[in-house]
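Colleague: Please work out how this folds:
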Amino acid sequence: MVTQLSRTARRGMSLVEMLAAMAVTLILILALAQVFSIIGDNVADGRAIVEMSSSIRDTANRLQEDLDAITVPARPWPEPGSGLGYLECLEGDGFDLAPNFLQWNATQPLQSASIVGDCDDLLAFTVRSNGQPFVGRLNGSTIRSNVAEIIWWLEPNDTNKNGAWDWRPNEGLRETFSLHRRVLLVLPDRTNLPVGQTPQQFYLNNDLSVRLENGQLLANSLADLTRRQNRAGHRPEPGVGPNSTTFPYPIIPSLGPRSLTVNANSLMPRQGGAFLGEDVILSNVIGFDLKVFDPTVPIAAVANDLEAVLPGDPSFNPTLRVDGFGGFVDLGFSRYQAGVRSTFSGRPHLKSKLSQLQYVYDTWSLDYEFDGFNQDGGPLDQGTNGLDDDGNNGVDDLVERETSPPYPSPLRGIQIVIRTLDPDSRQVRQITVTSDFTPE
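Modeller: This is a model prediction of the structure:
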């Protein structure tokens, strides 16, 4: 008997099975693609964080080294003959909750708050290096000096070329700033400087601190730099003698006061030509907030005494209980926080003639009291003429002086907050630099 084995024919996948398999495969591929996308974004964000943290930390270290090397005590009235140089802090009209003052609404103080911080402050001073000298260029040659004039400021990145700084995220406009650090060497013995140039034209290709005097560029000494008209970025002295009309020689920053417009008249010492951008120390900056230590500003308590706030903080209110005094604040903060009076809350001293122009802390110069110019319209240099011109408080008292520092008080310290934004990952990083000027 023969047994015949039957063979069952093998069937292929049905159309439904094929479609189901393809769907499952596509789902797996999409899931893997999503996983790789998330991993890639995280890696990119991590790389951005590392790079931003490194850059902002290097910048903060450089700023700290500069502040530690300032040549002048942070108090008013240095004598030019002492050769101490200067320290100057410019507080723009904007502040941390409103980068530009025009954006501020006192009834709704948080409506303008964003990740952008104060961006129109400026810091300038003279320094002395105890180690390696500063290196720069003069007429194509290399120069070196252990003494320099340094100025820190923000320059808007006008990417859409409309002459203004724009921050409107809902429209896709997120223009940032570049942080500039310009080092101008102090070498008063240098001569044969170019003729017919302004300091701004000279600074495009040279790194020597100069002043314009009777139409001629002259190299500055530390004594020369005690006078505002000789410093970088300031309106210069137009001539000599009593016909001078530009006192107090204001500094002309990159953003117009109370304006989002780029200041076309800015006198900042930018580099140009082949050296364009070499003075940029940090890019994609969205905050450079300079504050001074005010020993008499009140510290208020909020949130059941769990938090201490100062004028300029969102939760501050002058009616809150005061728990102490002293903190870092904006110069002239009374312009946006009424009801508080302290050493640095108001406008500059009237005799500085900066009261209606700028909020500035300046070590000033005693030279204005015996320079042969009549800054106040009264008797010439009555504060140093050896006479009791006003009949009060004795000979040559402070009231008789023609000028005054904007804030005639010692400065115990400053604090600078630098904030950056990575335009791709939208990561924000911030670092704080503090310098103590209290005499040891």
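
Colleague: all strands for the stretch 51-200 of the chain, in order.
Modeller: For the stretch 51-200 of the chain, the strands defined by DSSP state E, counting those that start in this stretch occupy 87-91, 122-128, 134-138, 141-145, 147-156, 167-168, 173-174, 177-185.

Colleague: Out of those, which is closest to Leu28?
Modeller: For these, proximity to Leu28 was assessed by Cβ to Cβ; strand 173-174 is nearest, at 37.6 Å. (Glycine included, C-beta is placed from N, CA and C.)

Colleague: Looking at the closest one now, give me its mean pLDDT.
Modeller: Strand 173-174 shows a mean pLDDT of 89.

Colleague: Just checking: what are the partner strands of it?
Modeller: Sheet partners assigned to strand 173-174 using DSSP bridges are listed as strand 167-168 (antiparallel).

Colleague: Next, the angle strand 122-128 makes with whatever helix or strand Val50 lives in.
Modeller: Secondary structure assigned from DSSP states H and E places Val50 in helix 15-68. Helix 15-68 and strand 122-128 are oriented at 50 degrees to each other (axes from the mean of the first three to the mean of the last three Cα atoms, to 10 degrees).

Colleague: The lowest-mean-pLDDT helix or strand in the chain packs against which elements?
Modeller: One helix or strand of the chain scores below all others by mean pLDDT, DSSP states H and E: helix 15-68, with a mean of 83. Counting contacts by 3 or more Cβ pairs under 8 Å, 6 or more residues apart in numbering; DSSP states H and E, helix 15-68 is packed against strand 122-128, strand 147-156, strand 177-185, strand 280-302, strand 413-421, strand 428-436.

Colleague: got the CA positions of the shortest one in CSV?
Modeller: Once non-C-alpha atoms are left out, strand 122-128 reads as follows in CSV (Å, rounded to 0.1, in the frame of the first residue of the first chain):
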residue,chain,number,x,y,z
LEU,A,122,28.4,102.2,29.7
LEU,A,123,31.6,101.8,31.8
ALA,A,124,34.9,103.6,31.2
PHE,A,125,38.0,103.9,33.3
THR,A,126,41.8,103.9,33.3
VAL,A,127,43.8,100.8,34.4
ARG,A,128,47.4,99.9,35.2
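
Colleague: Run the chain-centre distance for it.
Modeller: Using Cα atoms, centre = their mean, to the nearest Å, the distance from the centre of strand 122-128 to the centre of the chain it belongs to is 12 Å.

Colleague: And the contacts of that strand?
Modeller: The contact list for strand 122-128 (Cβ atoms under 8 Å, 6 or more residues apart in numbering) reads 66-67, 69-72, 84-90, 92, 146-153, 186, 222, 225, 231-233, 251, 253, 290, 414, 416.

Colleague: Out of the residues you listed, which end up buried?
Modeller: Taking 16 or more other Cβ atoms under 10 Å as the criterion, what is buried in these is 66-67, 69-72, 84-90, 92, 147-153, 186, 222, 225, 231-233, 251, 253, 290, 414, 416.

Colleague: got the helices and strands packed on helix 15-68 as CSV, with mean pLDDT and distance to Arg270 columns?
Modeller: Output for those, formatted as CSV (pLDDT from 0 to 100; distance: least, Cβ to Cβ, whole Å):
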stretch, mean pLDDT, distance to Arg270
strand 122-128, 98, 14
strand 147-156, 97, 8
strand 177-185, 98, 7
strand 280-302, 96, 10
strand 413-421, 96, 20
strand 428-436, 95, 23
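
Colleague: ok, and which of those strands has the densest surroundings?
Modeller: strand 147-156 (a mean of 24; mean count of other Cβ atoms under 10 Å).

Colleague: if we can go back for a sec, ok and the least confident helix or strand of the chain relative to strand 147-156, angle-wise?
Modeller: Computed by the same axes, to 10 degrees, the angle separating helix 15-68 from strand 147-156 equals 150 degrees.

Colleague: just so I have it, where are all the strands in the stretch 301-440 of the chain?
Modeller: Using DSSP E, counting those that start in this stretch, strands in the stretch 301-440 of the chain cover 307-309, 322-329, 359-362, 413-421, 428-436.
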